[in-house]
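Peer 1: Structure of the sequence below:
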Amino acid sequence: MKLRVVSSKNEIDDLNRNEQMVHLAFRAANTDVFKLVQNCPRIRVVQVPSSYRKTLSKASEMFLSIQGVELVEGDIWGHRKDMDEYYNIDETIIKRIDRLRASGAGASDIASAVSRETKLSRELVAYLIKQRS
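Peer 2: All right, here's what the predicted structure looks like:
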């Protein structure tokens, strides 16, 4: 599973139309969010750093919600954009989620454990859990 890292608003025009998961590493304005959804009609989740999440307008949040796009908060630790524009969510993380679910753990406990182990945000892990259901 791949999370596309977008470092500036100029990159939005160059995104693949089939992108489903995007991390915005810049402070996005309403027009940037609108353009992102317009250019990537299959998008399902947008992750933004916690400091940027607080400044995202209610209009942008509402627009994403209406479009069926989930907004999650979190950072991409240790990723170098100059080497790869995608952050890969390793298959072992998905298998770990499945193993924990099979053992009877609740979604909240799974999200906490996997987040602690992988440095993925708790909200992104919760999204992955929801997608696996």
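
Peer 1: From now on I want contacts and neighbour counts done on CA atoms only, so please keep to that.
Peer 2: Will do.

Peer 1: Would you report the backbone torsion angles of the residue positioned nearest the centre of the chain?
Peer 2: When Cα atoms, centre = their mean is applied to the chain, the residue found nearest the centroid is Q47 (3.6 Å). Dihedral pair for Q47: phi -110, psi 140, per degrees, to the nearest 10.

Peer 1: correct me, but it touches L71?
Peer 2: Yes: using Cα atoms under 8 Å, Q47 is in contact with L71, at 5.9 Å.

Peer 1: contacting residues for the residue nearest to the centre of the chain?
Peer 2: Contact partners of Q47, counting by Cα atoms under 8 Å, 6 or more residues apart in numbering, are M21, V22, H23, L24, L71, V72, E73, G74, D75, L124.

Peer 1: May I see the buried residues of stretch 126-133?
Peer 2: Buried residues in stretch 126-133, counted by 16 or more other Cα atoms under 10 Å: A126, Y127, L128, I129.

Peer 1: about what we covered before: hey, what's the residue nearest to the centre of the chain bridged with?
Peer 2: Listed beta-bridge partners, Q47: H23, V72 (assigned using DSSP bridges).
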